[in-house]
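Asks: here is my input, please return the structure:
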Amino acid sequence: MTKRLFLVRHCESTGQEAAAPLTAVGQAQAVRLADYLETVGVDLLVASPHTRAQQSIAPLAQRLGLAVEIEPRLAERVLSAAPLAQWREATARVLWTSIWRGPVGNRAARRWRVGVRRSMRSSLDRNTSRSS
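Replies: Numbering: from 1, shown residues only. The predicted model follows:
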């Protein structure tokens, strides 16, 4: 059986801190996201521990009656210990720069990706066997 994986960045939020909620625009985006993903056949929902990520997937979870599994390794990189006035620009800079550099960094990135994939695959296998 073929499985598809959709990775979705959170909808528009009010800030970069972990507890930052979605804006009104972000809430509307979350509903549109649910409108689309509801039609493609979703078996598992996984989100980072950040409020904005969980709020982004909540409309879909409600419609499908699925619980959202929290995966701490999906949490975003912390840009600053204090809230940044220009957090959107700082986020854009980080997204356009490599987080892990060089051979050691590439190994670390690979370990992270493999760990997250294994965790999601295990969750999907458990979820699929329950529904069989």
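
Asks: in the chain, which segments are predicted with low confidence?
Replies: Scanning the chain for pLDDT under 70 picks out 1, 77-80, 87-88, 91-110, 112-113, 127-132.

Asks: in the sheet, who's paired with the residue nearest to the spatial centre of the chain?
Replies: Centre of the chain computed as the mean C-alpha position; nearest residue by C-alpha atoms, centre = their mean is Ala47, 4.5 Å away. Per DSSP bridges, the residues bridged to Ala47 are Ile70.

Asks: which helix or which strand is home to Thr39?
Replies: Thr39 is located outside every helix and strand, with elements delineated by DSSP states H and E.

Asks: so how far is Arg63 from it?
Replies: Distance check for Thr39 against Arg63: by C-beta to C-beta, to the nearest Å, it reads 11 Å. For every residue, glycine as well, the C-beta is placed using N, CA and C.

Asks: compare those two (neighbour count), which wins?
Replies: Neighbours of Thr39 and Arg63, each counted by other C-beta atoms under 10 Å, are more numerous for Arg63; the result is 14 against 8.

Asks: correct me, but that one touches Ala34?
Replies: Yes - using C-beta atoms under 8 Å, Arg63 is in contact with Ala34, at 5.8 Å.

Asks: now do the helices in this structure.
Replies: Ranges of helices within the chain are 24-37, 51-64, 87-95, 102-131, based on DSSP state H.

Asks: quick check: His50 vs Arg4, distance?
Replies: Taking C-beta to C-beta as the measure, His50 falls 24 Å from Arg4.

Asks: no wait, Cys11
Replies: Between Cys11 and Arg4 the computed distance is 21 Å (C-beta to C-beta).

Asks: which of these two has more neighbours?
Replies: Set side by side, Cys11 and Arg4 give different neighbour counts by other C-beta under 10 Å, the larger being at Cys11 (22 against 8).

Asks: for the more buried one, give me its contacts.
Replies: With contacts defined as C-beta atoms under 8 Å, 6 or more residues apart in numbering, Cys11 is in contact with 22, 25-27, 29-30, 33, 52, 55-56.
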